[in-house]
Each structure stands twice: as structure tokens, then as C-alpha cells.
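Asks: Please find the sequence and the predicted model below.
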Amino acid sequence: MPKWLKVYLSGVLMGAADVVPGVSGGTIAFILGVYDRLISALSGVNKDSLGMLTKGDVKALWRHFDGAFLLSLGAGIITSIFLIAGVITHLLAVYPIYLWSFFFGLILASAYFLINQIVGFSWRHFGSLMVGVVLGASLSLLVPTQFNTSLVMVFFSGMIAICAMILPGISGSFLLLIMGMYGFILSAIRSFDITVILIFSAGALIGLLSFSKVLHYLLGHARSMTLSFLTGTMLGALVKVWPWKITDTWSVIGNKKLPLEEHLILPWDLPNFYWLTDFLLPSVCISIGFLSVVLISYIFLRNSTNSNN
């Protein structure tokens with residue numbers, strides 16, 4: 001498979017995941033092995049890049065920011081938003097238990113493979129992992145509220161959402177729902193409210209560039225501790241994607257109906273429980289999600305080995 005196509009498909013899968021409240025595109029980037037490269041490319045804003053920009057050295061600037069990679073990945077994300085996001089949203093509305101089950105298995109396997117990358121796992125790493133678990137679970141269990149829709153809040157919601165989207169285990173779209181900004185931002189995009197769109201985009205851009213530099217530094221100087229923390233956020237996010245739950249309140253945005261407040265239950269506590277559709281098939285979907293990560297990891301490791309030979 002050509003490298004650009006692999007990166008493009010990674011973007012497609014990341015975009016599809018970001019549509020689901022509770023699933024992060026950063027998680028998918030980790031699974032596909034593009035996370036480090038993405039963070040490195042996004043953190044390229046420094047004195048060197050500013051010097052290239054002032055000199056008008058476009059080629060050097062393109063190489064500095066790994067332009068071909070970002071272009072292929074961005075194209076995949078945009079493609080997913082326009083072509084695949086509708087399918088994911090439909091599946092979430094019609095077959096929620098099976099889609100949640102698939103993502104549950106996918107995230108569980110991702111956390112397992114990620115923690116295996118930590119060399120010399122110790123009590124310090126365990127502590128970092130537990131901090132991540134608490135953060136991921138706490139954010140997943142937040143009670144929705146309604147913030148004001150001032151331009152200042154729009155700016156900060158852009159920063160928060162984009163930071164969450166590149167942090168594995170934390171969903172940017174879910175945090176927008178929690179803040180009561182999801183519908184407002186979506187309406188602004190549909191009505192092409194240029195002021196709101198520009199302010200939100202400015203917040204997202206600043207948040208993306210600043211937070212990616214923090215992550216890039218941590219992955220370079222405290223990789224094992226950072227991986228422990230990120231693994232914890234993934235495990236904490238399993239609370240949100242637990243397949244068996246009952247929705248208490250809904251948010252209706254346009255023609256979309258999204259769950260807000262939910263409580264988790266065991267499979268056999270479902271109303272009109274039937275073991276085949278409510279337990280066996282979801283369990284199969286969890287297995288498919290888990291095995292998908294195993295297959296993708298195998299292909300990625302094989303390609304990496306072949307390229308090194």
C-alpha cells in the first residue's frame with residue numbers, strides 16, 4: 001500500500017471516530033501508528049518555521065511541517081466528515097449497542113497494545129495510568145450544562161474541543177455537548193455565521209498548535225509516563241462507550257438525536273432482554289473491535305519491518 005494512501009485512510013478513520021461522542025480520533029491515530037508523526041508535525045511552529053515564512057521559503061516550510069503527511073491526513077478527515085460521518089451517525093441512532101460494542105473492543109485492545117510499549121512498568125507508571133483513568137472517566141461522566149454563547153466562550157470551546165480530539169480517550173464532540181456548545185457551533189456552520197466560525201477556528205488553531213507542542217515535549221522527554229497517562233485516559237473513556245446503558249435525557253439538534261445523560265447497566269438488566277441480540281451479538285462486536293486492532297497492528301508492524309529491511 002502506498003504511504004500516502006495509508007495516511008489518507010488513517011484520516012478517514014480518524015474523522016469517522018470523531019463523529020461519535022465518546023470516541024477520540026487520537027485513539028485511532030495511536031492504533032494506526034500515526035500519532036507521534038501527527039504530534040511532531042503539528043508542533044513545528046518555532047523560530048525556524050517563522051524564519052522560513054518571512055523568507056518565503058515555501059519548500060523548506062512544507063518539509064518542516066511534514067506537509068505531504070498533513071495534507072493526506074487532512075484530506076482523509078474531510079472526506080470522512082462528508083461521506084462516512086452520516087453512516088456512523090445513522091448506525092449510532094439505529095444500532096447503538098452494536099456500534100458502542102465495536103468501539104469498546106477497539107479501545108480496550110488499543111489500551112492493551114499501548115501499555116505493552118511501556119518499558120519497565122513501575123509504580124510511578126501505575127500512578128500516571130490511574131490519573132489518566134480518573135480524568136477519562138470523570139470527563140465521560142460529566143453532567144451536561146449550558147454555558148453562555150459569547151464569542152469568548154466560542155473561542156475557548158474551540159481550544160478545548162481540539163485539544164480533546166488529539167488526546168486519546170477523550171472526545172471533543174462529547175465535550176462540546178457537555179458544554180452545551182455542540183448545537184450552537186453546528187448551527188453556526190450550517191448558517192455560515194462567519195464570525196462564530198472564525199472565532200471557533202482561531203481557538204481550535206491556537207489550542208492545536210500549543211497543546212501539540214506540550215504533547216511532543218512529553219513524548220520526547222517522559223515517554224513512558226506519558227504513554228501510561230494516555231493509556232489511562234483510554235481505559236477511563238470505556239465508561240462512555242460501555243454498550244449496555246439507558247439514556248435518561250436526549251439532545252435534539254436539527255434532525256440529529258444525541259444522548260446526553262445515561263446510566264450504565266448490565267446486559268440482563270435491559271428491558272425485554274434477549275440473550276442473542278442483547279448479549280451474544282454485542283459480545284461478537286466487541287471481539288471484532290478487539291481483533292481489528294490486532295490485525296491493524298500486525299499489518300503496521302509487518303510494513304515497518306519490511307521498510308527497515
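Replies: Here it is on my side, so go on. Here the structure is a predicted model, which is why all the values come from computation and not from measurement.
Asks: does residue 262 sit in a helix or strand, and which one?
Replies: strand 256-264 (DSSP states H and E).
Asks: For that strand, the averaged confidence score.
Replies: For strand 256-264, mean pLDDT is 70.
Asks: what's the following helix or strand after it?
Replies: For strand 256-264, the following helix or strand on the C-terminal side (DSSP H and E) is helix 275.
Asks: helices and strands around that following helix, which ones?
Replies: When contacts are defined as 3 or more CB pairs under 8 Å, 6 or more residues apart in numbering; DSSP states H and E, helix 275 packs onto no helix or strand at all. (Glycine included, C-beta is placed from N, CA and C.)
Asks: just so I have it, where are all the strands in this protein?
Replies: For the chain, the strands defined by DSSP state E cover 245-253, 256-264.
Asks: ok, residue 107 to residue 28 distance?
Replies: Residue 107 sits at a distance of 10 Å from residue 28 (criterion: CB to CB, to the nearest Å).
Asks: Between the two, point out the one with more neighbours.
Replies: residue 107 (29 against 26; other CB atoms under 10 Å).
Asks: thought that one was touching residue 243?
Replies: No. Counting by CB atoms under 8 Å, residue 107 sits too far from residue 243 to count as a contact (11.8 Å).
Asks: Low-confidence ranges, the stretch 201-309 of the chain, go.
Replies: Of all residues in the stretch 201-309 of the chain, those with pLDDT under 70 make up the ranges 250-260, 297, 300-309.
Asks: Tell me which residue lies farthest from the centre of the protein.
Replies: Centroid-distance maximum for the chain: residue 55 at 35.8 Å, with CA atoms, centre = their mean.
Asks: Run a quick neighbour tally on residue 141.
Replies: As a burial measure, residue 141 scores 15 neighbours (other CB under 10 Å).
Asks: who touches the residue nearest to it when sequence neighbours are not counted in this structure?
Replies: Spatially, and ignoring its direct neighbours in sequence, residue 141 is nearest to residue 239 (6.2 Å; CB to CB, 6 or more residues apart in numbering). Residue 239 is in contact with 136, 137, 140, 141, 264, counting by CB atoms under 8 Å, 6 or more residues apart in numbering.
Asks: at 10 Å what do you get?
Replies: 22, 133, 136, 137, 138, 139, 140, 141, 245, 262, 264 (CB atoms under 10 Å, 6 or more residues apart in numbering).
Asks: That one and residue 71: what is the separation?
Replies: According to CB to CB, residue 239 and residue 71 sit 36 Å apart.
Asks: what's the answer for residue 40, then?
Replies: For residue 40, the distance to residue 71 (CB to CB) stands at 15 Å.
Asks: From residue 186, how far off is the nearest residue to residue 162 once chain neighbours are set aside?
Replies: Nearest non-adjacent residue to residue 162, counting by CB to CB, 6+ apart: residue 204, 4.1 Å away. Relative to residue 186, residue 204 is positioned 15 Å away (CB to CB).
Asks: Settle it for me: which of the two has more neighbours?
Replies: Just comparing residue 204 and residue 186: by other CB under 10 Å the higher neighbour count belongs to residue 204, 20 against 15.
Asks: ok, back up a step: hmm, which of the contacts of residue 239 are the buried ones?
Replies: With neighbours counted by 16 or more other CB atoms under 10 Å, the contacts of residue 239 contain buried members at 22, 133, 136, 137, 139, 140, 245, 262.
Asks: Give me the subset of those lying in helices.
Replies: Among the buried ones among the contacts of residue 239, the members falling in helices (DSSP state H) are 133, 136, 137, 139, 140.
Asks: what pLDDT does the last one get?
Replies: Think residue 140. 74.
Asks: Quick check: it touching residue 241?
Replies: Yes. With contact defined as CB atoms under 10 Å, residue 140 counts as touching residue 241 (8.5 Å).
Asks: what does stretch 51-66 rub up against?
Replies: Residues contacting stretch 51-66 (CB under 10 Å, 6+ apart): 37-38, 40-46, 48-50, 67-68, 70-71, 73.
Asks: 6 Å - rerun?
Replies: By CB atoms under 6 Å, 6 or more residues apart in numbering, the surrounding residues in contact with stretch 51-66 are 41, 44, 49.
Asks: buried set for that stretch?
Replies: For stretch 51-66, the neighbour count (16+ other CB under 10 Å) marks 52, 61, 64, 65, 66 as buried.
Asks: closest to residue 219 among the residues you listed?
Replies: Nearest to residue 219 out of those is residue 66 (CB to CB; 15.6 Å).
Asks: quick one: the closest one from residue 12, how far?
Replies: To residue 12, residue 66 is 19 Å away according to CB to CB.
Asks: surely the residue nearest to residue 162 meets residue 160?
Replies: No. Contact criterion CB atoms under 6 Å: residue 204 and residue 160 do not qualify, at 9.3 Å.
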